[in-house]
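# Fold the following.
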Amino acid sequence: MSGPTAPIPAPPVLPRRLDAGAPGWSTEADVVVVGSGIAGLTCALRLRERVDRVLLVTKTVLSAGSTQWAQGGIAAALDPEDTPEEHLEDTLVAGVGLCDVEAVRALVTEGPDRVRELVALGAHFDLDDGGGLKLTREGGHHRDRIAHAGGDATGAEISRALIAALQRVVDDPGIEVVEHALVVDLLTADDGAVCGVTLHVIGEGQVDGVGAAYARAVVLATGGLGQIYTSTTNPPVATGDGTAAALRAGARVTDLEFVQFHPTVLFLGEGSTGQQPLISEAVRGEGAVLVDDRGERIMAGRHELGDLAPRDVVARGILDVMGERGLDHVFLDARHLGAAFVQERFPSIVARCRELGFDPATDLLPVAPAQHYASGGVETDLRGRTSVDGLYACGEASCTG
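Numbering: from 1, shown residues only. Now for the predicted structure:
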């Protein structure tokens, strides 16, 4: 006979709020948008077309999020010979059966128009000799469909254009921006619906300290969680606090374990922690290759797309080689691309590498995988609605499928 069955431990009880002082001031809006990356800025601008008052709050300053660090570009079926169906197929293959097909279909069919809207808003993408968008290729894609800006400064250019658009309506009483504002918790009504946020504004300004912002809806666009990892490409503000606030308010979160590691992050030594320099996948899209300490190609024979296999495949390939050979990094070889081409195509990466003592035109670049993107997050439907009434999420903070 078997012994008594061990009792099943009770699930942990999450706190519903953080310890903070009582709100010393308050304000009201139709919608509060939390975060000022591409998701939050776009959301705030579009919402202003539909509601009377939008409050945009951001933890530091408008341009301090992850968007400005994005190098490679935006994937969309913009080439006349490309189609959303081909983009759909590539995405589903890379997603190895884990994607929500309808969410991907919305992405690939609406994507081209969203890129054109960014152009109309003032974002300057790189153009080819004929005046069309210059497109390149990244991992998992069978066609050139990555639109980029400034060579390797796409995120910075999009952020600039969106902030400029926001500045053009700075005198509009219907949209207010509060910087240095950390959202402490989501406010909920008696029925559990979200009805605002408590936030702590740090520094000088018309509002200071802990306050409350009441609204009909709150949109979380708070980005990723990279700083919980030792090495990440994320800026210091990416601490996952939006997801944590949603959890405390009772929202469902999904796939938090789905964390993407970028294969090619510049390796600065064993003791280097925090935000690390990213070497864009677009460098491999232009022909750079991964090699081990013997100069042998790492991705040869591992995948039909070689160095442009999906990121998880490339990252695992690198880790396999590192384990087999006892290495703490491998190398990215872009030397054959030529100094002039590398400088023109990747000016930001070249400048950063040279600051750190490397030259992509003449040196093998030491690289290793590091945390890059949170694929999971606050669960939403195709309209950004979470499981809690009044709460929406978009961008990296969300899990859309």
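# tell me the helices in the stretch 251-400 of the chain, going along the chain?
In the stretch 251-400 of the chain, the helices defined using DSSP state H, counting those that start in this stretch lie at 281-285, 311-325, 339-345, 347-355.
# TSV for these, including mean pLDDT, mean neighbour count and distance to residue 297?
C-beta: built from backbone N, CA, C; applies to glycine. What follows is those, written out as TSV (pLDDT from 0 to 100; neighbours: other CB atoms under 10 Å; distance: least, CB to CB, whole Å):
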stretch	mean pLDDT	mean neighbour count	distance to residue 297
helix 281-285	93	24	12
helix 311-325	97	18	10
helix 339-345	95	16	20
helix 347-355	95	16	21
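# To residue 27, which of those lies closest?
Judged by CB to CB, the one of the helices of the stretch 251-400 of the chain that comes nearest to residue 27 is helix 347-355, at 38.1 Å.
# contacting residues around that closest one?
71, 150-153, 156, 266, 277, 279-280, 283, 342-343, 359-361, 365 (CB atoms under 8 Å, 6 or more residues apart in numbering).
# Equivalent analysis for stretch 106-114, please.
Residues outside stretch 106-114 that contact it (CB under 8 Å, 6+ apart): 74, 75, 76, 77, 78, 84, 85, 87, 88, 91, 382.
# do that again at 10 Å, thanks
42, 74-79, 82-92, 99-100, 133, 145, 147, 382-383, 400-401 (CB atoms under 10 Å, 6 or more residues apart in numbering).
# and the longest helix seen in the chain, C-alpha only, in CSV?
Across the chain, the longest stretch assigned as helix under DSSP state H is helix 101-121. Provided in CSV are the C-alpha atoms of helix 101-121 (Å, rounded to 0.1, in the frame of the first residue of the first chain):
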residue,chain,number,x,y,z
VAL,A,101,-2.7,32.3,-37.4
GLU,A,102,-5.3,35.1,-37.3
ALA,A,103,-2.9,37.4,-35.4
VAL,A,104,-0.2,36.8,-37.9
ARG,A,105,-2.6,37.3,-40.8
ALA,A,106,-3.5,40.7,-39.3
LEU,A,107,0.2,41.5,-39.0
VAL,A,108,1.2,40.7,-42.6
THR,A,109,-1.9,42.2,-44.3
GLU,A,110,-2.0,45.4,-42.3
GLY,A,111,1.8,45.8,-42.1
PRO,A,112,2.5,47.5,-45.4
ASP,A,113,0.0,50.2,-44.8
ARG,A,114,1.4,50.8,-41.3
VAL,A,115,4.8,51.4,-42.8
ARG,A,116,3.4,53.8,-45.4
GLU,A,117,1.7,55.7,-42.5
LEU,A,118,5.0,56.1,-40.8
VAL,A,119,6.4,57.5,-44.0
ALA,A,120,3.5,59.9,-44.2
LEU,A,121,4.1,60.9,-40.6
